[in-house]
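**Student:** next comes the sequence, and after it the predicted model I'd like to discuss.
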Amino acid sequence: MKLGLQLGYWGAQPPANAGELVAAAEAEGFDAVFAAESWGSDAFTPLAWWGSGTQRVRLGTSVVQISARTPTSCAMHALTLDHLSGGRHILGLGVSGPQVVEGWYGEPFAKPLARTREYVSVVRKVLARREPVTNPGPHYPLPYDGPGTTGLGKPLKPITHPLRDDIPIWIGAEGPKNVALSAEIADGWLAIYYSPRLAPMYDEWLDEGFSRPGARRTRADFEIAATCQVVVTDDRAGTVAGLKPVTALYVGGMGTPELNFHAQVYRRMGYGDVVDEVTRLFRAGRKDEAAAAIPDEMVTETMIVGDRDEVRAGVKRWSDAGVTMLLVSCHDAEHVRSLADVVLR
């Protein structure tokens, strides 16, 4: 099992100790460091800044939102970071949700699967640099020939030669069709709220993608990086209780009551009634009650919490289920070291 440090996205201010966390992850044998974005900080800049002090760890986005940049712009970011890091970049992509896509980026959310497929295709054409990039659309036509065009657009190749012409692309996916698409066109799956209990269901989704004509990977060389809180503690009950408010936020407060992708994941796990109750309470402003309504097993199903032996057993369970990397959040360097000691030693 590999470990990836998840820096996430910033809140009101940049994190005070991110550089310390990245340095500890490099020193302790973590495989990668990831940064995310929502509608504040971006994902590429922190990796370039804090990653400049590293030599070994891979630097990944988990995730950049495809509506935030055109595919050619995203490819420019990726080839730049890959050069600066000496070939250590992982490009993690995701569609986000309609509130962000339409409310923040001013783009339509419709057809997320088709947009993802086309986006990845254009990024790969840029990085391959075999010929001027063209794309018939309909989502990202190149050259653009729609309303208001001058007619002067021409196909281009990137001026800068990419260090690698095939930077790994991982896709953040939660639903069956998007997971299958990841297996077909990507090099890895960024999984959130992964449950080892549901591994047979995930395997069906993945195998559908692997079996499609032209699929890039097989199970043997496809990476599954799952976001997972890993906490080594002798106070398992207290720690689980402390994690419930975050679960309540994502289950009951993200997206809209009609369309919350995180809530849909928990419904597939069999927690539909709990999701309904948590959503009702959270939307009514009763956040403490929403957290209290979450059963312990709903937390521990997607996280690993316990003493050293329990954590090691949990990591083995996730590995046996097909996960190749755990994406973990750490609050300080000592937390990084403790996880490395239990998981990697």
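**Tutor:** Cool, the structure landed.
**Student:** leaving out chain neighbours, which residue sits closest to residue 304?
**Tutor:** Residue nearest to residue 304 in three dimensions, not counting chain neighbours: residue 314, with 3.7 Å by C-beta to C-beta, 6 or more residues apart in numbering. For the C-beta atoms, the positions are set from N, CA and C on the backbone; glycine is no exception.
**Student:** lowest confidence element among the helices and strands of this structure?
**Tutor:** Lowest on mean pLDDT, DSSP states H and E among the helices and strands of the chain sits helix 261-268, with a mean of 84.
**Student:** can you name every helix or strand that that one contacts?
**Tutor:** Helices and strands touching helix 261-268, as assessed by 3 or more C-beta pairs under 8 Å, 6 or more residues apart in numbering; DSSP states H and E, comprise helix 272-283.
**Student:** what's the following helix or strand after the helix it packs on?
**Tutor:** Under the assignment DSSP states H and E, the closest C-terminal helix or strand after helix 272-283 is helix 287-292.
**Student:** buried ones in that following helix?
**Tutor:** Buried residues in helix 287-292, counted by 16 or more other C-beta atoms under 10 Å: 287, 290, 291.
**Student:** nearest to residue 240 among those?
**Tutor:** Ranked by distance to residue 240 (C-beta to C-beta), the buried residues of helix 287-292 are led by residue 291 at 11.1 Å.
**Student:** ok, now how distant is that closest one from residue 125?
**Tutor:** As judged by C-beta to C-beta, to the nearest Å, residue 291 and residue 125 stand 46 Å apart.
**Student:** just residue 293 next, same as before
**Tutor:** 48 Å.
**Student:** same question, residue 294
**Tutor:** The gap separating residue 294 from residue 125 is 45 Å, by C-beta to C-beta.
**Student:** tell me which of the two has more neighbours.
**Tutor:** residue 294 (24 against 21; other C-beta atoms under 10 Å).
**Student:** shouldn't the more buried one be in contact with residue 244?
**Tutor:** Yes. If you go by C-beta atoms under 8 Å, residue 294 and residue 244 touch, sitting 4.7 Å apart.
**Student:** in contact with residue 87, which residues?
**Tutor:** Residues near residue 87 by C-beta atoms under 8 Å, 6 or more residues apart in numbering: 163, 164.
**Student:** that one falls within a helix, correct?
**Tutor:** No. Counting by DSSP: H, G, I helix; E, B strand; the rest coil, residue 87 is not part of a helix but coil.
**Student:** residue contacts, the residue nearest to the spatial centre of the chain?
**Tutor:** The centroid of the chain falls nearest to residue 62 when counting by C-alpha atoms, centre = their mean (3.6 Å). Contacts for residue 62 were tallied using C-beta under 8 Å, 6+ apart; they are 4, 6, 34-36, 43, 92, 170, 172, 190, 225, 227, 327.
**Student:** make TSV out of these and add distance to residue 112, secondary structure and neighbour count.
**Tutor:** Output for the contacts of residue 62, formatted as TSV (distance: C-beta to C-beta, whole Å; DSSP: H, G, I helix; E, B strand; the rest coil; neighbours: other C-beta atoms under 10 Å):
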residue	distance to residue 112	secondary structure	neighbour count
4	24	strand	24
6	23	strand	22
34	21	strand	29
35	22	strand	30
36	18	coil	25
43	19	coil	25
92	16	strand	25
170	16	strand	27
172	11	strand	25
190	15	strand	30
225	20	strand	29
227	20	strand	22
327	22	strand	28
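**Student:** of those, which is the nearest to residue 299?
**Tutor:** Out of the contacts of residue 62, the member with the shortest distance to residue 299 (by C-beta to C-beta) is residue 227, at 13.6 Å.
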